[in-house]
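Trainee: need a structure here:
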Amino acid sequence: MPRWWKPASIWLLYAVGFVPAVWYFWLGATGQLPGNAVKIFEHLLGTWALRFLLATLAVTPLRDLFGINLVRYRRALGLLAFWYVLMHFSTYMLLDQQLNFPEIGKDIAKRPFITIGMACLVLLLPLALTSNNWSIRKLGSRWNRLHKLVYAIVLGGALHYTMAVKVVTVEPATYFALAVLLVAYRPLRPSVMRWKKERRAQGAAPVASRRMG
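Mentor: Numbering: from 1, shown residues only. Got it, this is the predicted structure:
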């Protein structure tokens with residue numbers, strides 16, 4: 001592939017990634033969202049935030065298990081997740097609650113799924129702010145430790161989403177199961193990589209013996 005394709009494809013991902021938000025905003029602004037348009041808009045933004053979080057965490061197992069290398073897109077996927085979380089939060093604050101801070105405070109205190117959602121946003125902020133090459137160089141090994149927060153954020157986001165929909169259907173159950181599987185892969189990864197290395201070594205041994213023969 002030409003050298004220009006890598007940065008171009010990342011910017012293309014950003015452009016495509018924001019299409020759902022623009023489309024839902026258009027539907028809401030033109031009165032085409034059914035029922036409580038604000039709640040539906042808020043929910044749809046949250047759904048895409050969770051999807052991008054799951055996609056971010058899926059990059060490593062896709063490469064390890066299936067040889068699909070999307071590492072170059074991981075930062076963009078993570079930042080798309082952050083922007084959707086921020087839009088979801090802004091919709092809740094501005095359109096849903098209309099900056100009624102006493103009511104917002106009651107919501108955070110009394111509704112566990114909102115408490116979890118707010119905690120995930122707070123944890124996500126430093127990850128978004130340090131998703132750049134300068135921060136990687138400046139923080140060194142601390143950068144990796146900081147960005148391990150993504151596992152807690154994904155689990156918290158999936159739990160927030162499942163609790164928010166109240167009636168657990170196939171979609172939230174699927175997202176929650178994926179979140180658990182992706183987080184569970186983290187401690188299993190060393191064993192998976194050792195198994196792959198042994199398989200490669202076993203496959204290479206007959207080839208070497210045939211060459212010697």
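Trainee: Who are the packing partners of the helix or strand that contains L13?
Mentor: According to DSSP states H and E, L13 maps onto helix 5-17. Packing partners of helix 5-17 (3 or more Cβ pairs under 8 Å, 6 or more residues apart in numbering; DSSP states H and E): helix 74-90. In short, each C-beta sits where N, CA and C put it, glycine included.
Trainee: Next, the buried residues of whichever helix or strand comes after the helix it packs on.
Mentor: Going down the chain from helix 74-90, the next helix or strand is helix 101-110, by DSSP H and E. For helix 101-110, a neighbour-count test (16 or more other Cβ atoms under 10 Å) marks 104, 107 as buried.
Trainee: downstream neighbour of helix 101-110 in the secondary structure list?
Mentor: Heading C-terminal from helix 101-110, the first helix or strand you meet, by DSSP H and E, is helix 112-129.
Trainee: Find the nearest non-adjacent residue to the residue nearest to the spatial centre of the chain, please.
Mentor: By Cα atoms, centre = their mean, the chain has its centre lying nearest to L53, at 0.7 Å. Of all residues not flanking L53 in the chain, A81 sits nearest, at 4.5 Å (Cβ to Cβ, 6 or more residues apart in numbering).
Trainee: what about that neighbour, distance to G105?
Mentor: Relative to G105, A81 is positioned 26 Å away (Cβ to Cβ, to the nearest Å).
Trainee: Which of the helices or strands spans the residue nearest to the centre of the chain?
Mentor: Here L53, judged by DSSP H and E, is contained in helix 37-66.
Trainee: Next, the angle from that helix to helix 112-129.
Mentor: For helix 37-66 against helix 112-129, the angle by axes from the mean of the first three to the mean of the last three Cα atoms, to 10 degrees is 60 degrees.
Trainee: Mean confidence (pLDDT) on helix 37-66, please.
Mentor: In this model, helix 37-66 carries a mean pLDDT of 97.
Trainee: Pull the distance from that helix to the chain's centre.
Mentor: Relative to its chain's centre, helix 37-66 lies at 5 Å (Cα atoms, centre = their mean, to the nearest Å).
Trainee: Buried residues in it, which are they?
Mentor: Neighbour-count burial for helix 37-66, counted by 16+ other Cβ under 10 Å, picks out 37-38, 41-61.
Trainee: and if you look at stretch 125-145?
Mentor: Neighbour counts using 16+ other Cβ under 10 Å place 127, 130-131, 135 of stretch 125-145 among the buried residues.
Trainee: ok, back up a step: ok, the residue nearest to the centre of the chain touching G157?
Mentor: Yes - if you go by Cβ atoms under 8 Å, L53 and G157 touch, sitting 5.4 Å apart.
Trainee: Just give the closest residue to Y161, not the sequence neighbours.
Mentor: Excluding its sequence neighbours, the residue lying closest to Y161 (Cβ to Cβ, 6+ apart) is L50, at 5.2 Å.
Trainee: Touching stretch 177-186 from outside, list them.
Mentor: Residues outside stretch 177-186 that contact it (Cβ atoms under 8 Å, 6 or more residues apart in numbering) are 54, 57-58, 60-61, 151, 154-155, 157-158, 192.
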